[in-house]
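> Provided below for reference: sequence and predicted model.
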Amino acid sequence: MSSSEDDVPLAMLNGRRTNGTSSATSASTNGKGPILPDRIPKSVDKKADKDFDAMAVDYPTGDRAGVPIVNIAVREELDNGRAKRKGRKPAIKEESSDDSDTPLTKRRRTSNGVKASTIVESSDDDVPLAKRAAASKTRTNSASKAANKKAAAAKDESSDSDTPLATMKLAKEKRKIENKAAATAKELRAEDKKAAIKANGIKRKSVKDESDSDVPLKAKRKPVVKKTNGVKQESSDDDVPLAKKAKAISKNAATAKGKAVDNKKAVVKGKAKAAKEDTPAGAETAEDEEYKWWENQAETDGTQKWTTLEHNGVLFPPAYEPLPKNVKLKYDGVPVTLPLAAEEVAGFFGHMLNSTHATNPTFTANFFKDFQRILKESGGAKDTTGKKVLIKEFAKCDFTDMNNYFVAEAEAKKNLSSAEKKAIKAEKDKAEEKYLHCLLDGRKEKVGNFRIEPPGLFRGRGEHPKTGMVKQRVQPEQVTINIGNGVPVPPPPPGHKWADVIHDNTVTWLATWKENINGNIKYVMLAATSSLKGMSDFKKFEKARELKKHIDRIRADYGRDLKSELMADRQRATAMYLIDRLALRAGNEKGEDEADTVGCCSLRFEHVTLKAPDLVIFDFLGKDSIRFYQEVPVIPQVFKNMRIFKKAPKTTGDMIFDRLDTSQLNKHLQNYMPGLSAKVFRTYNASWTMQQQLAKIPNEGSIHDKYAAYNEANKAVAILCNHQRTVSASHETMMLKAEEKIKALRYQKLRLKRQILFLKPELKKKRAAFFKPDPEIDDKNWILEHQKFLIEQEKEKIRKKFEKENEKAAENGEKEQKPSELKERLKAVGELEAEFKAENKTGAVEPKTKGATVEKLEAQIEKMDEKILKQETEAKVREDNKTVALGTSKINYIDPRLSVMFCKKYDVPIEKVFAKTLREKFKWALESADEDWEF
DNA sequence: ACTTGGACTTAGGACGATAAGA
DNA sequence: TCTTATCGTCCTAAGTCCAAGT
């Protein structure tokens, strides 16, 4: 205990499982690596405190906590990171000769104890990290730093007690606002809690009642009408059912204004019914019979999702169309004939020849393995003489013929006349029409993904071990249909059967099947604009808003538990801190056959680097293998805890939170608020942040300006949630172009000034500042080049015009103009050339417009300045946003009522912030929030 | 307790449509 | 008017979380 080696007790306590079986991999076999002791000895904390104090000398830690100094994952690096990613644990095995823990202990201790002032823990690769950090961030870096300074200066004590984190730059103002809110929140807390519990108690109960009284869940799952495999069997009332349905429903769906639009009959009857039955709000016109569920919040328990459901099933992809005989895979240079099944698979790959997948070794290996198997199963390849050809090596396969064919086809399709295209589209639309909508509780609702996913090659993201495998064609026999009782079942394709037909109204899906790659279940569900989805979206945001009432208590609790003696509690508290401040995802465990990505609970040793005195550097791949990179100062206790959680014998590959998983975490959260889980924090913090950001926007300026400010707020949220996108391939060239364009404008401005000088040369001295060279283009060579370019451009213009005129002439049967005419015209450019020459010599430009005055020119310059500024800010925004995806947070995390509030309050048209589908999706928000609405 | 299954939300990229610009 | 950049939608993979099964 008294040992100065603070990791000794830990190492002893958890023992690196000395028992034989797994000595070689002892640290890793249980998937979590070493488990830390269940209690944290006082000595450990003491040591941690001491170390920390030593490090933190005259360093004001704590008050800057939660605001990342560096975030943004840099894409190029990300790509490297992906490629380099180590497997779960390989590093250990290679570097540390397994079971003797001396080397481990030693290694750790050195970095740990010795250079406390710089790097506390360094995994073997802290250098790359540091470098990366330095290299990658430029602008954000400095911006955030500035913000941090401000925040530090403010010395705001409560930084960690109530700010819901933030990646935002202006931490200071933010805290002020939040403090106020927190105070109020505290007062209200007790009462709110009571109310909440009460409400939820009722909810709960009713849920239970429901399920108890009804059939037990399991029975419900596969209830009533089993069998059916096929067409109608029990719906004798084939004809009228929709209408009937609509009636019956509108009764049941207490709040529903029954509507049926699917066919005329239904409409008529349904309408009549609706008018009679739901009088309260039923006073709407027949046409826009919309179901405004948000207007009467009938409390539903949520287990039953519908009463009646009618739909037309799913749309299967078209059958495979064989390639023309002359388009073949070549093997070792020889064209081979493939059985249809194999040809189709080869074609999948042929389609992707110019994507990055085609060069991904995992992808090609997986593809080839499946291809070989399918080829074998289907009879094998043959050459043109009918002789069998064994396809053994991927490298000898040549898909270029296929690829060329596909490209040509696509091209041909593109070149169809617009009439033909229209016809094709019309046909497609017609085929899809009946799948577009369903009838849910008598209302017409949009179906989302009614198309069965076509076969192809699985495009797993990141380093997915199964990427490239063949995703098989889904047969009707695999598809289960879920539909209301007693309505016609959509017929399976001729000669086929459904896997099953069920009538489960506790789920929202219309059809389901299992996909062959990962065994995942796929569903056909309603569209995001449907009432069903809308209601749950609404509930999601209401839940997040409810968290407001509990957040203070939750933060206080985990703040306390950060010092808990119980390891499990302390880990949980620390994880909650991260989830709350950094908006990390929960981080469920993943299998070996998935990409190695993590979230909070699944963070491993190598994902976190600690830097004294309070900096935690996160670097890991999150959902979709998107890199999460942040250097965040944390409050001292969190820093100390992370050190403890990383202590020996833990090493690369070991879990940081070895005594925590998502289900424990969520179970704990339930105690605070029913339905509270880790993801609610993301919603809460995103919406909260958005609200704070919007509140800072001055209500002035143009719509364009206000919209830009909105987007900035949106961006803050996107950064918080780490929503990224890859920079488009053309980004770089686009930026260069933009830069050139701006310089061109600057040159135009220069010429305006030179016109002034032409008029009044004496001004050059009198207004020296005004006429001093624009540093951006103060480069003779560039100007010369640019002038050349302008001349070329002018010539090109003339030529083009000339050609066009000739073409037209030819069309009209007139004779073309002579080349001499072109030459004549080109002479005009000579004038420009001369102009430039004179300009370069005298530094002045003769105004072309008559009556040019200094005043007029000055006005033009001013306009030019505006133009330049506009272009520059545009370019800057584009550059700044190149890796940030705004859409995800707008669609999933930011309470749409905030946007509605903003638009109403700031007089920004809603169309600006919500495109059509979003307006539909968020209709409930558009109609329920006003300019005072608060999250 | 732990694992698996199931249902639903969240996610980035592909791709087609549309608007803006040469 | 054609091309090109941007926008909006579609697609489906990849998460979360709860509950049932062992």
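Alright, I've got the coordinates.

> Any regions of the stretch 601-750 of chain A where pLDDT drops low?
Along the stretch 601-750 of chain A, no part satisfies pLDDT under 70.

> Please list the residues of chain A that sit near DNA strand B.
Counting by C-beta under 7 Å from any atom of the strand, chain A comes close to DNA strand B at A:221, A:305, A:355, A:425, A:504, A:506-509, A:512, A:519, A:521, A:523, A:525, A:533, A:536-537, A:540, A:585, A:623-624, A:626, A:663, A:679, A:682-683, A:721-726, A:741, A:885, A:888-889, A:892-893. (Glycine included, C-beta is placed from N, CA and C.)

> out of the residues you listed, which are inside helices?
A:221, A:425, A:533, A:536-537, A:540, A:663, A:679, A:682-683, A:741, A:888-889, A:892 (DSSP state H).

> quick one on the thing from earlier: is there a quick PyMOL command that grabs whichever of the residues of chain A next to DNA strand B are buried?
The PyMOL selection below is limited to those of the residues of chain A next to DNA strand B classed as buried (16 or more other C-beta atoms under 10 Å):
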select buried, chain A and resi 305+504+506+507+508+509+512+525+533+537+540+585+626+679+682+683+721+722+723+724+725+885+888+889+893
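
> just checking: which of the residues of chain A next to DNA strand B also lie near DNA strand C?
A:585, A:623-624, A:663, A:679.

> Can you name the residues that contact A:Ile894?
A:686-687, A:690, A:714, A:717 (C-beta atoms under 8 Å, 6 or more residues apart in numbering).

> Of those, which ones also sit close to DNA strand C?
Okay, of those, nothing touches DNA strand C (C-beta under 7 Å from any atom of the strand).

> Tell me the one of those residues nearest A:Lys330?
A:Asn714 (50.6 Å; C-beta to C-beta).

> picking that back up, widest-spaced pair of the ones next to DNA strand C among the residues of chain A next to DNA strand B?
A:Asp624 and A:Ser663 (22.8 Å).

> mind giving me the domain ranges of chain A?
What automatic domain parsing lists as the domains of chain A is A:7-18+A:27-184+A:536-681, A:329-415, A:697-726+A:883-926, A:740-804+A:819-855.

> Include distance to A:Gly813 when you put these into a markdown table, please.
What follows is these, written out as a markdown table (distance: least, C-beta to C-beta, whole Å):
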| stretch | distance to A:Gly813 |
| --- | --- |
| domain A:7-18+A:27-184+A:536-681 | 56 |
| domain A:329-415 | 27 |
| domain A:697-726+A:883-926 | 48 |
| domain A:740-804+A:819-855 | 16 |
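
> which one of the ones you listed has the lowest average pLDDT?
For the domains of chain A, the weakest mean pLDDT is recorded on domain A:7-18+A:27-184+A:536-681, namely a mean of 66.

> got the buried residues for the helix or strand encompassing A:Arg919?
Here A:Arg919 sits within helix A:916-921, counting by DSSP states H and E. Buried residues in helix A:916-921, counted by 16+ other C-beta under 10 Å: A:918-921.

> same check, this time on stretch A:582-589
A:582-587.

> What lies in contact with it?
A:31, A:66, A:68, A:165, A:578-579, A:598-603, A:618, A:622-623, A:628, A:630, A:632, A:661-662, A:665-666, A:677-679, A:681-682, A:685-686, A:720-722.

> repeat that with 6 Å
Residues outside stretch A:582-589 that contact it (C-beta atoms under 6 Å, 6 or more residues apart in numbering) are A:578, A:598-602, A:662, A:678, A:682, A:685, A:720-721.

> Between these, which sits nearest A:Cys438?
When those are ranked by distance to A:Cys438 (C-beta to C-beta), A:Arg682 comes first, at 31.0 Å.

> which non-adjacent residue is nearest the closest one?
Closest residue to A:Arg682 apart from its sequence neighbours, by C-beta to C-beta, 6 or more residues apart in numbering: A:Ala583 at 5.2 Å.

> what's the answer for A:Lys305, then?
Per C-beta to C-beta, 6+ apart, closest to A:Lys305 is A:Thr508, 4.9 Å.

> That neighbour and DNA strand C, how far apart?
13 Å (C-beta to the nearest atom of the strand, to the nearest Å).

> Can you name the residues that contact that residue?
A:305, A:525, A:532.

> For the helix or strand harbouring A:Ile719, report the contacting residues that lie outside it.
Using DSSP H and E, A:Ile719 sits in helix A:703-720. By C-beta under 6 Å, 6+ apart, the residues outside helix A:703-720 that reach it are A:167-168, A:583, A:686, A:689-690, A:693-694, A:697, A:884, A:886, A:889, A:894, A:906, A:908, A:912.

> are any of the residues you listed buried, and which?
A:167-168, A:583, A:686, A:689-690, A:693-694, A:697, A:884, A:886, A:889, A:894, A:906, A:908.

> From those residues, which land in helices?
Per DSSP H, the buried ones among the contacts of helix A:703-720 map to helices at A:686, A:689-690, A:693-694, A:889, A:906.

> out of those residues, who's nearest DNA strand B?
Each of those was checked against DNA strand B using C-beta to the nearest atom of the strand; the closest is A:Ser889, at 6.5 Å.

> among the ones in helices among the residues of chain A next to DNA strand B, which two are most distant?
Longest span within those, C-beta to C-beta: A:Arg221 and A:Lys741, 61.8 Å.

> still on that earlier bit, now tabulate the ones in helices among the buried ones among the contacts of helix A:703-720 in a markdown table and tack on distance to A:Asn360.
Formatted as a markdown table, these follow (distance: C-beta to C-beta, whole Å):
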| residue | distance to A:Asn360 |
| --- | --- |
| A:Ala686 | 33 |
| A:Thr689 | 37 |
| A:Met690 | 37 |
| A:Gln693 | 39 |
| A:Leu694 | 42 |
| A:Ser889 | 30 |
| A:Tyr906 | 47 |
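
> what's the most distant pair in the residues you listed?
A:Ala686 and A:Tyr906 (20.2 Å).

> thinking again about what came up before, and the ones next to DNA strand C among the residues of chain A next to DNA strand B as TSV, adding distance to A:Ala838?
Listed next are those as TSV, based on distance: C-beta to C-beta, whole Å:
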residue	distance to A:Ala838
A:Arg585	66
A:Lys623	63
A:Asp624	60
A:Ser663	80
A:Lys679	69
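
> what's the closest of those to A:Lys749?
A:Asp624 (45.2 Å).

> Which residue, neighbours along the chain excluded, lies closest to that closest one?
A:Arg461 (5.2 Å).

> Got the phi and psi for the one you found?
Main-chain dihedrals, A:Arg461, degrees, to the nearest 10: phi -90, psi 160.

> ditto for A:Phe618
phi -100, psi 140.

> Tell me how many other residues crowd it.
Using other C-beta atoms under 10 Å, A:Phe618 has 22 neighbouring residues.

> what does A:Ala365 give?
14.

> Hmm, A:Gln871 is touching A:Ile742, no?
Yes. If you go by C-beta atoms under 6 Å, A:Gln871 and A:Ile742 touch, sitting 5.1 Å apart.

> The two: which has the busier surroundings?
A:Ile742 (20 against 17).

> ok, A:Glu631 to A:Thr609 distance?
9 Å (C-beta to C-beta, to the nearest Å).

> Can you pull the residues that touch both of those two?
A:Ile617.

> neighbour count winner among these two?
A:Thr609 (24 against 21).

> which residue sits closest to the more buried one, ignoring its sequence neighbours?
Closest to A:Thr609 by C-beta to C-beta, 6+ apart is A:Ile617, at 4.2 Å.

> element containing the one you found, please.
Taking DSSP H and E as the definition, A:Ile617 sits inside strand A:615-621.

> what's downstream of that strand, the next helix or strand?
strand A:627-633.

> so what's the backbone phi/psi at A:Thr307?
The phi/psi pair for A:Thr307 (degrees, to the nearest 10) is phi -110, psi -40.

> Hmm, A:Asp441 and it touching each other?
Yes. With contact defined as C-beta under 6 Å, A:Thr307 reaches A:Asp441; the gap is 5.3 Å.
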